[in-house]
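Student: What shape does this take:
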Amino acid sequence: MTKPILQTDIVIVGAGLTGLCAAAALSHLGYRITLLETHLPDFSTNLTPSSRPISLSYGSYELLEALGVWKTIQDN
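Tutor: Numbers count the residues shown, from 1 in each chain. Reported below is the predicted structural model:
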């Protein structure tokens, strides 16, 4: 059995804020992106009173705003 060949232009290693933003920006430019991550946090089962899945600096906010996704994040 032959495995299908993945069609991608750019591979990004790491699905943190930087990797996700890079993937979003490059895909808007028409690149086919493959995003690799070894583990994703499980926020739903490991919550504590001090849990904070993500905190953003002002620079991160500006990047998300420039990518056009901040409104969606803010509304949800």
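Student: What segments of the protein are helices?
Tutor: Taking DSSP state H as the test, the helices found in the chain are 17-28, 58-66, 70-75.
Student: can I get those helices in CSV with mean pLDDT?
Tutor: Shown next, in CSV, are the helices of the chain (pLDDT from 0 to 100):
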stretch, mean pLDDT
helix 17-28, 90
helix 58-66, 88
helix 70-75, 85
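Student: Buried deepest among those helices, which one?
Tutor: Between those, helix 17-28 has the highest mean count of neighbours, a mean of 15, where neighbours are mean count of other C-beta atoms under 10 Å. Every residue, glycine included, has its C-beta placed from N, CA and C.
Student: Run the chain-centre distance for that helix.
Tutor: Relative to the chain's own centre, helix 17-28 is displaced by 6 Å; criterion: C-alpha atoms, centre = their mean, to the nearest Å.
Student: Including distance to residue 38, could the helices of the chain go into a markdown table?
Tutor: Shown next, in a markdown table, are the helices of the chain (distance: least, C-beta to C-beta, whole Å):
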| stretch | distance to residue 38 |
| --- | --- |
| helix 17-28 | 12 |
| helix 58-66 | 22 |
| helix 70-75 | 24 |
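Student: who's in contact with the residue most central in space within the chain?
Tutor: Nearest to the geometric centre of the chain sits residue 20, at 2.4 Å (C-alpha atoms, centre = their mean). Contacts for residue 20 (C-beta atoms under 8 Å, 6 or more residues apart in numbering) come out as residue 35.
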